[in-house]
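A.B. asks: Provided below are the primary sequence and the corresponding predicted coordinates.
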Number of protein chains: 2
Amino acid sequence: MTVLDLIKNRTSYRGKYENTIIPRSDLIKIMEAGLAAPSGCNKQTTSLIAVDDTDLLAKLRKVITPQVAETAPAIICVLTQRIIAYRDKCFNVQDYSAAIQNMLLAAIELGYESCWYEGQITDADAIGRKMADILGVPDNYELVCFLPIGIALQPLKLVNKMPFSSRAWFNGFKGETV
Amino acid sequence: MTVLDLIKNRTSYRGKYENTIIPRSDLIKIMEAGLAAPSGCNKQTTSLIAVDDTDLLAKLRKVITPQVAETAPAIICVLTQRIIAYRDKCFNVQDYSAAIQNMLLAAIELGYESCWYEGQITDADAIGRKMADILGVPDNYELVCFLPIGIALQPLKLVNKMPFSSRAWFNGFKGETV
C-alpha cells in the first residue's frame, strides 16, 4: 500500500483486539518510526515506553478509568520533556504529535490497529501521572499519550470529515467567514 | 518504498529547489493526506492554503525574514483554529502537527522535499499573521506553519539523533535520571 493510501485508510480503532503476542521486533519498528519524526531544533523531546508484560499491563489498566483498549496485548506510552528549543519556545507538543502520527502509520503497515489516547489521561484525573509512576518515569517527563497495539477483532469505521473544499484552498482563504 | 523506510529517510530539506511547476493534482494529494490526519474529538481544527501563484509567492517571500525556502515553486500554509474539543481542552497543536507529518510523508512519496517552518513565523515578529493577511485569512484562524514543496536540487542530510536506547525502552523507564 502506498503511504497516501495508508494515510487515507487509517482510522482510530476503539474495538477489541486479538489476544496475540506482538513480536518485540514489530514494537521496535513502530517506536523507531516514532523517534524518526522531526523535532523543533532537533531537541528530540519525545521518549517511548512499550509495555508488553502482562502483569504490568494489568497494573496500568487499573488506573485507566473508564477502561479503554483493555484487550490490547501491548501499548506504547509517549513521554515528553518540555525542553526549550530556542528563545522561550518549546515545541514538545508538535514533536510528540509528529512521532505519534508516524507510529500510527507504522503500526497499520505492520498489520495492527491503534488509537491516540491523550485527552483521557492528561485530564484533571492525572491518569498519565499514575501510569508514569507505575513505569518509574521521573518528574521531568510527562506521560501524555498511549497507543494500544494489536490486531483488530472488529471492523474499522472511518469517521465523517468535512469536505476538502471546506478546509483546503489555493492561493487565498476561501472558507466561510464567521 | 514502505512507510517505515519513507519515515526513516525523511529529513528536513533546507536547500534550493528546482524551478518546476508542481501539478495541482500533487498539491491536492498532499493536502488530502494532511486533512486525513486524526484530530482530537474529530474537531478538524486544521485548514490549508496551497500557494503556487508566482506573484502571491513573491508577496509572501517579502514578509518571510530571514528568507527561507525562497526557491520553492509552491508552499502549503497550515492554519489552525483553537476549537475546544471537550471540557477546557483544545488539541489544535496536536491536530496540525499530525497533519503536517502526514503531508511531509506524502510529499516525499510524490518525489518532493519539504521542511516544517513554524518557529520562525510564530515568533515575536508575527510573520504568520502577515502571511495570513496577504492570503485573506480571518482572525479566528492562525497561520502557524508553512511547508515548501519542490524537487530538491541539493543532497539531503539526515540529522544526528540520540540512539534508540536513550529514548525508548520496554516495560519501564530506563533512561538517565537527572
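C.D. replies: Noted; the coordinates are in hand. Numbers count the residues shown, from 1 in each chain, chains lettered A, B, ... in the order given.
A.B. asks: which ones are touching residue A:8?
C.D. replies: Contact analysis of residue A:8 by Cβ atoms under 8 Å, 6 or more residues apart in numbering or on different chains lists B:32, B:33, B:36. All C-beta atoms are positioned from the backbone trio N, CA, C, and that covers glycine.
A.B. asks: could you rerun that using 7 Å?
C.D. replies: residue B:36 (Cβ atoms under 7 Å, 6 or more residues apart in numbering or on different chains).
A.B. asks: the one 4 residues further on too?
C.D. replies: Taking Cβ under 7 Å, 6+ apart, we find residue A:12 in contact with A:115, A:116, B:38.
A.B. asks: relative to residue B:159, which of those is nearest.
C.D. replies: Proximity of those to residue B:159 (Cβ to Cβ) peaks at residue A:116, which lies at 25.3 Å.
A.B. asks: ok, how many other residues are close to the closest one?
C.D. replies: By other Cβ atoms under 10 Å in any protein chain shown, 22 other residues sit near residue A:116.
A.B. asks: now for it: which residues touch it?
C.D. replies: By Cβ under 7 Å, 6+ apart, the neighbours of residue A:116 are A:12, A:100, A:104, A:145, A:147, B:38.
A.B. asks: how many neighbours does the last one have?
C.D. replies: The criterion is other Cβ under 10 Å. On that basis, residue B:38 has 23 neighbouring residues.
A.B. asks: surely residue A:74 touches residue A:22?
C.D. replies: Yes: Residue A:74 sits in contact with residue A:22 when judged by Cβ atoms under 7 Å, with a separation of 4.4 Å.
A.B. asks: quick one, helices of chain A?
C.D. replies: A:3-9, A:24-35, A:54-63, A:92-109, A:119-122, A:127-134 (DSSP state H).
A.B. asks: can I get those in CSV with mean pLDDT?
C.D. replies: Shown next, in CSV, are the helices of chain A (pLDDT from 0 to 100):
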stretch, mean pLDDT
helix A:3-9, 95
helix A:24-35, 98
helix A:54-63, 98
helix A:92-109, 98
helix A:119-122, 95
helix A:127-134, 98
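A.B. asks: which residues are in contact with the closest residue to chain B within chain A?
C.D. replies: Proximity to chain B, evaluated over chain A using Cβ to the nearest Cβ, is greatest for residue A:97 at 3.4 Å. Residue A:97 makes contact with B:93, B:94, B:97, B:98, according to Cβ under 7 Å, 6+ apart.
A.B. asks: which of the helices of chain A sits most buried?
C.D. replies: The highest mean neighbour count among these, using mean count of other Cβ atoms under 10 Å in any protein chain shown, belongs to helix A:92-109: a mean of 26.
A.B. asks: now that one - C-alpha only, PDB.
C.D. replies: Presented in PDB, the C-alpha positions along helix A:92-109 are these (Å, rounded to 0.1, in the frame of the first residue of the first chain):
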ATOM      1  CA  ASN A  92       7.300  19.400  22.600                       C
ATOM      2  CA  VAL A  93       3.600  19.000  21.700                       C
ATOM      3  CA  GLN A  94       4.500  19.300  18.000                       C
ATOM      4  CA  ASP A  95       7.300  16.800  18.500                       C
ATOM      5  CA  TYR A  96       5.300  14.100  20.200                       C
ATOM      6  CA  SER A  97       2.300  14.600  17.800                       C
ATOM      7  CA  ALA A  98       4.500  14.000  14.800                       C
ATOM      8  CA  ALA A  99       6.000  11.000  16.500                       C
ATOM      9  CA  ILE A 100       2.600   9.600  17.300                       C
ATOM     10  CA  GLN A 101       1.400  10.100  13.700                       C
ATOM     11  CA  ASN A 102       4.400   8.200  12.500                       C
ATOM     12  CA  MET A 103       3.700   5.300  14.900                       C
ATOM     13  CA  LEU A 104       0.100   5.100  13.900                       C
ATOM     14  CA  LEU A 105       1.100   4.700  10.300                       C
ATOM     15  CA  ALA A 106       3.900   2.200  11.000                       C
ATOM     16  CA  ALA A 107       1.500   0.100  13.200                       C
ATOM     17  CA  ILE A 108      -1.000  -0.100  10.300                       C
ATOM     18  CA  GLU A 109       1.700  -1.100   7.800                       C
END
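A.B. asks: quick revisit: any idea how far the residue of chain A closest to chain B is from residue A:11?
C.D. replies: Taking Cβ to Cβ, to the nearest Å as the measure, residue A:97 falls 17 Å from residue A:11.
A.B. asks: same deal with residue A:83?
C.D. replies: For residue A:83, the distance to residue A:11 - Cβ to Cβ - is 32 Å.
A.B. asks: and the residue nearest to residue A:2 when sequence neighbours are not counted, how far from residue B:115?
C.D. replies: Nearest residue to residue A:2 in three dimensions, chain neighbours excluded: residue B:109, at 6.3 Å (Cβ to Cβ, 6 or more residues apart in numbering or on different chains). Using Cβ to Cβ, residue B:109 is found at 16 Å from residue B:115.
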